[in-house]
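1. got a predicted structure plus its sequence, pasted below:
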Amino acid sequence: VLLVPTWIIYIALLFYSWMVISGQVTNDVAQPAVAGGLVLIVMLLGFTTVQHAFSEGQVSIGTLSEVERRALALTGSGDFVFD
């Protein structure tokens, strides 16, 4: 889901690049726009990768089992349990 905007911009960039290469778009902004689009895609991929990396850490921290939660609560209370 996070890569959907990147794929949309990538497809648009491919279409626009094809139009520039085939000569259908011949203005002064065409070539810098293609280069800027390539930079934008690289940035979006980087941001998406970083966002995915940080979201994985938050999800794994929040998934403690009941036994782990009890052990943490007991450790934090400073009490002793003899079995």
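-> It's in. Numbers count the residues shown, from 1 in each chain.

2. CA atoms for contacts and neighbours, from now on please.
-> Will do.

3. send the alpha carbons of stretch 74-83 over as CSV?
-> Taking Å, rounded to 0.1, in the frame of the first residue of the first chain, the C-alpha atoms of stretch 74-83 are listed here in CSV:
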residue,chain,number,x,y,z
LEU,A,74,6.8,-8.5,38.5
THR,A,75,10.2,-7.3,37.7
GLY,A,76,9.1,-3.7,37.9
SER,A,77,7.4,-4.2,41.3
GLY,A,78,10.5,-5.4,43.0
ASP,A,79,8.7,-8.3,44.8
PHE,A,80,9.9,-11.9,44.9
VAL,A,81,7.9,-15.0,44.0
PHE,A,82,8.8,-18.4,45.3
ASP,A,83,7.4,-21.5,43.6
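
4. biggest helix in the chain by residues?
-> helix 30-61 (DSSP state H).

5. can you pull the buried residues of it?
-> 30, 34, 37-38, 40-41, 44-45 (16 or more other Cα atoms under 10 Å).

6. from those residues, which is closest to Tyr10?
-> Closest approach to Tyr10 among the buried residues of helix 30-61 (Cα to Cα): Ile41, at 6.7 Å.

7. thinking that closest one is in contact with Thr6, fair?
-> Yes. In this structure, Ile41 is within contact of Thr6 by Cα atoms under 8 Å, at 6.3 Å.

8. can I get stretch 15-26 in PDB, CA atoms only?
-> This file holds the C-alpha atoms of stretch 15-26, laid out as PDB (Å, rounded to 0.1, in the frame of the first residue of the first chain):
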ATOM      1  CA  PHE A  15       4.800   7.800 -20.200                       C
ATOM      2  CA  TYR A  16       6.200  11.300 -20.100                       C
ATOM      3  CA  SER A  17       9.700  10.100 -20.900                       C
ATOM      4  CA  TRP A  18       8.400   8.100 -23.900                       C
ATOM      5  CA  MET A  19       6.700  11.300 -25.100                       C
ATOM      6  CA  VAL A  20       9.900  13.300 -24.700                       C
ATOM      7  CA  ILE A  21      12.000  10.700 -26.500                       C
ATOM      8  CA  SER A  22       9.600  10.200 -29.300                       C
ATOM      9  CA  GLY A  23       9.500  14.000 -29.900                       C
ATOM     10  CA  GLN A  24       5.800  14.600 -29.000                       C
ATOM     11  CA  VAL A  25       6.900  17.000 -26.300                       C
ATOM     12  CA  THR A  26       9.600  19.500 -27.400                       C
END
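
9. thanks a lot, see you next time.
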